[in-house]
Structure formats: structure tokens, C-alpha cells
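# my questions are about this predicted structure, shown below with the sequence.
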Amino acid sequence: MCTVVIDVADAGNARLLAVRDEDPERDWDALGPWWPEQYPGVIGIRDRRAGGAWLATNPEERRLAVLLNREDVGGLSPEHAVSRGTLALESVIGRSPVAPLPMHGFNLLEVRPEGARVLSWDGATLVTTPIDPGTHMIAHDDLDDPSTPRISTWLPEFRALGPAAADADWVDTWVGLLAASARLSPEDDRAIIRDNRPHGYPTQSLLYATASVTPAGIEAHDRSLPRPGHWS
């Protein structure tokens, strides 16, 4: 139940803030070149258990991808499900997923020189949604889905900040709004910094990452929360 806010200026020019929700007992590694042999030049946040990535970048090709879980209708049994951890890694080297997929549902956000988009798999159909210029949010449903409480609550607030590309301090501005959102209880369905256990999932917000993808390259940073599901 991760959350991403993205502001697209034009093709290949975007800024984003991504919050990762995961089981705190599942170990991970901060941004780094963890796949030098299979994915040389790729930098990402690695899941140690499966070896894949939640967020990955390919600075040389100016590609970035973030993986978010999504409910599916496929009824795929756990023993037959393939890990989704390779999706972001494959994406940033130019290999996007093609249906059918032996995986549970996902939203894969891709930022590429030719533009940004979301690939959504529900276990039956793979849908591609181009991201138009402007500020958008995505979580476990559709892009800018008004039925997702955190999107209906906070997307207007992020849009009110104006274009991120026009703000030299956009990272501080956006993180400041993220901090303001954390005044909500992490169990509140409107919260971005979350504790999903009351909703039936073992996940909590563990970290956030900011990234800019521009014609000059990619700049990405990540920061762990001091306590799962809590801002401070």
C-alpha cells in the first residue's frame, strides 16, 4: 500500500516523492548498485529476501521505476506466483512487463525519456495509463483514484504547491507537506505515513524517497523513518 506523488513537467522531466510500506521484519537495503552483474549501472532500494527492487533508477538511460502492490482478480496461488521484485529492475533497462504475467497485482510507475506512465496488472489485464503533465498520485488503485482516501485528501494539497520544476526547493516543500500529512494517525485511511495492520496488512511506512528525472540526469535520495509507521 505504498504511495507515490509525481509531478510531470514534460516528457522525461519529472519529480516524485515515494513512500514505501512494507513488513518491518522484511530486511532491505538503501539506494545502491546492488546488481552489478545482472543489472550494471542500475541503482535501487533492494529487498534482501527476494533480491528485487521497490524503486530502481538507470541514470545513464534516465529511467526510473517504482513498484506498488495492487489487489488482483486472478486467484493465483502463492506457490505459482512469481516475485514482482524484478519488474522495476527490468523496466529501467528498457524491458517493461508484457501480459500474461504469473504475478499478483501491481502498479508499475515508469519515468522514461519518452514520458511517464503507469502499468497496472490485476491478474487478468495489463493496462497502460500515460501520465499527463501536472501533479498526480497513485497508491493501490488507479492513477488519481478519487476513491482512495489519501489521494482525495492530499492530491489537491500537492497540486496547490504548483509545478515542482519551478521550485528550486521542491524537495523541502513536498517533504514539508508529507510531514504535515503525518499529523493524521497512521491508522487513518487518509494517512500517507501509514500503519496498515488495522486494515488487515502487516505493512507500515518504512522510508520515503525523492527523485528528479531531467534531461541532465537522475538525482535520487532515500531516508528511513525513525520508527515504522511514524514520522518522528
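Structure received.
# every contact and neighbour count from this point should use C-alpha atoms.
Noted.
# excluding covalently adjacent residues, which one is nearest to Val118?
Counting by C-alpha to C-alpha, 6 or more residues apart in numbering, Val118 lies nearest to Leu109, which is 4.5 Å off, once chain neighbours are set aside.
# how about the one you found, secondary structure?
Classification of Leu109 by DSSP: H, G, I helix; E, B strand; the rest coil places it in strand.
# show the pLDDT at it.
Per-residue confidence (pLDDT) for Leu109: 98.
# burial measure for it, as a count.
Other residues lying near Leu109 total 27 when counted by other C-alpha atoms under 10 Å.
# could you do Ser120 as well?
Under the criterion other C-alpha under 10 Å, the count of neighbours that Ser120 has is 24.
# over to the one 3 residues further on?
Under the neighbour criterion other C-alpha under 10 Å, Gly123 is assigned a count of 21.
# mind showing which ranges of the protein have poor pLDDT?
In the predicted model of the chain, no residue satisfies pLDDT under 70.
# which residue ranges of it form helices?
86-92, 149-160, 170-181 (DSSP state H).
# let's have those in TSV, adding mean neighbour count and distance to Trp231.
TSV is the format used below for the helices of the chain (neighbours: other C-alpha atoms under 10 Å; distance: least, C-alpha to C-alpha, whole Å):
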stretch	mean neighbour count	distance to Trp231
helix 86-92	24	26
helix 149-160	17	16
helix 170-181	16	7
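# in TSV: the ones you listed, plus distance to Ala124.
As requested, those are arranged in TSV below (distance: least, C-alpha to C-alpha, whole Å):
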stretch	distance to Ala124
helix 86-92	17
helix 149-160	25
helix 170-181	34
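# ok, which of these comes nearest Asp189?
Using C-alpha to C-alpha as the criterion, the shortest distance between Asp189 and those is 6.1 Å, found for helix 149-160.
# residues contacting the residue nearest to Val118?
By C-alpha atoms under 8 Å, 6 or more residues apart in numbering, the contact list for Leu109 reads Ala65, Val66, Leu67, Leu68, Ala116, Arg117, Val118, Leu119.
# which of the helices of the chain sits closest to Arg20?
helix 170-181 (13.0 Å).
# name the surrounding residues that touch that closest one.
Identification of contacts with helix 170-181 by C-alpha under 8 Å, 6+ apart yields Leu17, Trp154, Phe158, Leu161, Ala164, Ala191, Ile192, Ile193, Thr210, Trp231.
# CA atoms of that helix as PDB?
The C-alpha atoms that make up helix 170-181 are tabulated as PDB, following Å, rounded to 0.1, in the frame of the first residue of the first chain:
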ATOM      1  CA  TRP A 170      10.600  21.400  -4.200                       C
ATOM      2  CA  VAL A 171      12.000  18.600  -2.100                       C
ATOM      3  CA  ASP A 172      11.800  20.600   1.100                       C
ATOM      4  CA  THR A 173       8.400  21.800   0.100                       C
ATOM      5  CA  TRP A 174       7.000  18.400  -0.600                       C
ATOM      6  CA  VAL A 175       8.600  16.700   2.400                       C
ATOM      7  CA  GLY A 176       7.100  19.500   4.500                       C
ATOM      8  CA  LEU A 177       3.700  18.600   3.200                       C
ATOM      9  CA  LEU A 178       4.400  15.000   3.800                       C
ATOM     10  CA  ALA A 179       5.300  15.900   7.400                       C
ATOM     11  CA  ALA A 180       2.000  17.800   7.700                       C
ATOM     12  CA  SER A 181       0.100  14.800   6.500                       C
END
